[in-house]
Structure formats: structure tokens, C-alpha cells
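# Here is a sequence together with a model predicted from it:
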Amino acid sequence: MIRVTDIHKRFGDLEVLKGVSLEIATGEVVSIVGASGAGKTTLLQVMGGLSRPDSGSVTIDGEEIFCLGDKALSRVRNQKIGFVFQFHHLLPEFTAFENVCIPGLIGNRPQKEVGARAEELLRMVNIEHRRNHKPAQLSGGEQQRVAIARALINAPAVLLADEPSGNLDSKNRNEIHRLFFDLRDKLGQTIVIVTHDEHLAEMADRKIEMSDGLILEG
């Protein structure tokens, strides 16, 4: 599902990724761990097409994404990749339901179809009872559930998560951790999670450790 080949990425004089290569199978849950500054988030951003590498290639679901122009790359991000961040980035003026719908509407899918899928996902992440609440009325755990549902609205092949439970208390953190694996089992999602949480990292099918811009094991 994901093939990363010899990725190099530099910011000014700092080389953050120094020739990273890895493959992730369809339906696999992989955690990426390592000290701050190891290159984990940069790798995730490159894998998701949010940041172009200086060299190397990334193939998602059979498509080499950095051979694409900006418009085509945006289409791949919208249709094939879902993103979950530590900070939820929900739009404050919209309800939970509306926030989940937005990527589907951006993708020009029929409004009725998007709405039905949003309702289904809100039930799946156990937040449907808060569908009409705006982000400020939701707890951190509830906001993250909405963000996960939003990431799944276009049925992406890949879900990329960057410290998805970093701002949550232990109860919500454990619930979000279980949710990722429930979603994989129900939807067949391929999931890559950057985390400092050792419990979540060990739950994954495979743990990849990074240090100083390179993969140590995994």
C-alpha cells in the first residue's frame, strides 16, 4: 500500500531525512517512534504528500505521488489519504457533522451521499450524539473522534496520524488507541501512527524506530 524509497529532505543546512526507505502492507497498522527531532513527523508529511522531498519517491496505492502536479497531488491527498493530527484543526464555526462532511464536499461528492457517510462514521466512532455540537462544546477526546471521522469521510486507502492522543487524558487516550484498531478491522484501513506513547506503539502490528533521520529497525 505504501512504498517509500530513499527519501532525502533538507531544511536549509539541516538534513532531516537521510535516505529513508520502507514498505507498509495493506491493512497494516505501523507505529513510528523515536526522540524529538528524529524525523518522524517530516517522514509522515512526505508520505502524505504535504511536503515534497528533495529526492526519492513515495508510492501510495500504486500511484507515485511526487510525479504528479500540484492539482493531481491535491486530489490524491483528498481521495486516498486521511490525516489525523495532535491538534484537531476542526473548524470552530461548524458542527461536528459539518466538519466531518467538509472533505467529501471539497471532493465534489453528492451532498446526500456525504451526509449519509458522515452519519455512519459518527456512529462508528461513538460520537453521533454530539453531531450538532461545535468544537468548543466538545471535550478533547470527542474532538479527536470527530477529526478521525473527518479523515475517513472519503474512504482513503491510508490513514496517517501524528501524535493522535498526545493531548488526551489516559481514559480518552486508551479509547482512541482502541478505535484505530477497530477501524482497521472494520474498514481495512492501512494506518501509520507517529507517537511518543509506548503503549500505542506496542499495540501496532509493527514498530519502526527512527533516529537522526534514519530508520533503525522495523
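In hand now; what should we look at? If you're wondering where the values come from, they're calculated on a predicted model, not measured in any experiment.

# pLDDT weak spots in this protein?
By pLDDT under 70, the weakly predicted segments of the chain are 167-168, 217-218.

# Tell me where it has helices.
Ranges of helices within the chain are 40-47, 70-80, 96-106, 111-124, 140-152, 170-187, 198-203, based on DSSP state H.

# quick one, what contacts the residue sitting nearest the centre point of the chain?
When Cα atoms, centre = their mean is applied to the chain, the residue found nearest the centroid is residue 160 (2.1 Å). Neighbour list for residue 160: 44, 47, 48, 81, 82, 83, 84, 191, 192 [criterion: Cβ atoms under 8 Å, 6 or more residues apart in numbering]. Bear in mind the C-beta positions are built from the backbone N, C-alpha and C, glycine included.

# Give me the number of neighbouring residues for the last one.
In terms of burial, residue 192 registers 24 neighbours under the definition other Cβ atoms under 10 Å.

# Likewise for the second one?
Neighbouring residues of residue 47 were enumerated by other Cβ under 10 Å; the total is 25.

# what does the fourth one give?
The number of residues packed near residue 81 is 22, by other Cβ under 10 Å.

# how close does it get to residue 61?
According to Cβ to Cβ, to the nearest Å, residue 81 and residue 61 sit 9 Å apart.

# intersection of neighbour lists for those two?
157, 158.

# how near is the residue nearest to residue 67 when sequence neighbours are not counted to residue 195?
Leaving out its chain neighbours, the residue that sits closest to residue 67 by Cβ to Cβ, 6 or more residues apart in numbering is residue 57, at 7.9 Å. Distance of residue 57 to residue 195, computed by Cβ to Cβ: 25 Å.
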